[in-house]
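# Fold the following for me, if possible:
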Amino acid sequence: MKGFTRTETRFSLCGLNCTLCAMNLGGYCPGCGGGAGNQSCDMARCSLERGVQFCWECPEYPCFRYQGFDDGDSFVPHRNRQQDIAQARELGLEAYLAQLGEKRAILDELLAHYNDGRRKTFFSTAVYLLPLEDLRSVMAALGSRPEPGEQPIKERALAAVGLLQEAADRRGVSLKLNKKPKKG
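Here you go, the predicted structure:
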C-alpha cells in the first residue's frame, strides 16, 4: 500500500510476528509496513488514518476488522496473536522483540543445519507457536547429538522435527496451519 511504512517491521501492527513468517524468511515480504512487497490490508489503512503504530494502541481495539481474523492462518499462525500482544504489552516492546530475536536465531539455526529442503514452513510454525523455553530445550537436545556435518541431513531433519513435535504434543499445540473456514 502506498505510503504505508513502519519503523518496526518484526512485529506487525495487528500482532503477528512477521520476523518468523515464511514469506519474510524467503524475502517475499519485508514485514508489515516494510516497503516493497508489503502486504496491504484494511488494518494498515486504518493505522495510517489513526496514526497508531499498533492496533492495540487504538481505543477501538479490537474493532470489526478482527471479526474472524484469528479463525484461520495465513503464512503464520494467528492463534497466538492475542497472547503475543499481551506479552509485548506486559514485557514492553523491546523485551518482547529481544525474545522474538532469539526465536528468529533458533529458526535460522534450524533452517541452516536441520532443513532437508522440506521443513521451512514446519520449522517457522513450530518456532512461532512454541514457547521460548521449549525451543531452547529442543536446541540443547539437538546440540548434544553428533555434529551436524557428521549426520546425513535427512537424519538431522527427522531428529529436529521429532523433538519439536514432542514439545508441541506436551503442550497440546498443533503444528499445522489452520485453513480459514469457507464462507457461506
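
# Can you give the contact residues for the helix or strand harbouring residue 94?
Secondary-structure element containing residue 94, defined by DSSP states H and E: helix 93-113. Identification of contacts with helix 93-113 by C-beta atoms under 8 Å, 6 or more residues apart in numbering yields 8, 10-11, 17, 19-20, 25, 84, 87-88, 91, 119-120, 123-124, 127-128, 132, 135-136, 139, 148, 156, 160. Every C-beta, even on glycine, is put in place using the N, C-alpha and C of the backbone.

# Let's see the very next helix or strand once past it as CSV, backbone CA atoms only.
Going down the chain from helix 93-113, the next helix or strand is helix 120-129, by DSSP H and E. Output of helix 120-129 as CSV, limited to C-alpha atoms (Å, rounded to 0.1, in the frame of the first residue of the first chain):
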residue,chain,number,x,y,z
LYS,A,120,10.7,-24.4,6.3
THR,A,121,7.0,-24.0,7.0
PHE,A,122,7.1,-26.6,9.7
PHE,A,123,10.1,-25.0,11.5
SER,A,124,8.7,-21.5,11.2
THR,A,125,5.3,-22.7,12.5
ALA,A,126,6.9,-24.6,15.4
VAL,A,127,9.2,-21.7,16.4
TYR,A,128,6.2,-19.3,16.1
LEU,A,129,3.9,-21.4,18.3
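
# and the direction of the next helix or strand after helix 120-129 versus that of helix 93-113, what angle?
Per DSSP H and E, the first helix or strand lying C-terminal to helix 120-129 is helix 132-143. Using axes from the mean of the first three to the mean of the last three C-alpha atoms, to 10 degrees, the inter-axis angle of helix 132-143 relative to helix 93-113 is 30 degrees.

# Tell me, how many residues neighbour residue 14?
24 (other C-beta atoms under 10 Å).

# got it, and residue 18?
25.

# so it makes contact with residue 31?
Yes. Shown here, residue 18 and residue 31 form a contact pair, counting by C-beta atoms under 8 Å, at 3.7 Å.

# Overlap in contacts, the two.
9, 10, 12, 24.

# separation between the third one and residue 130?
From residue 12 over to residue 130 the distance is 20 Å, taken as C-beta to C-beta, to the nearest Å.

# Comparing those two, which residue is more hemmed in?
residue 12 (27 against 23).
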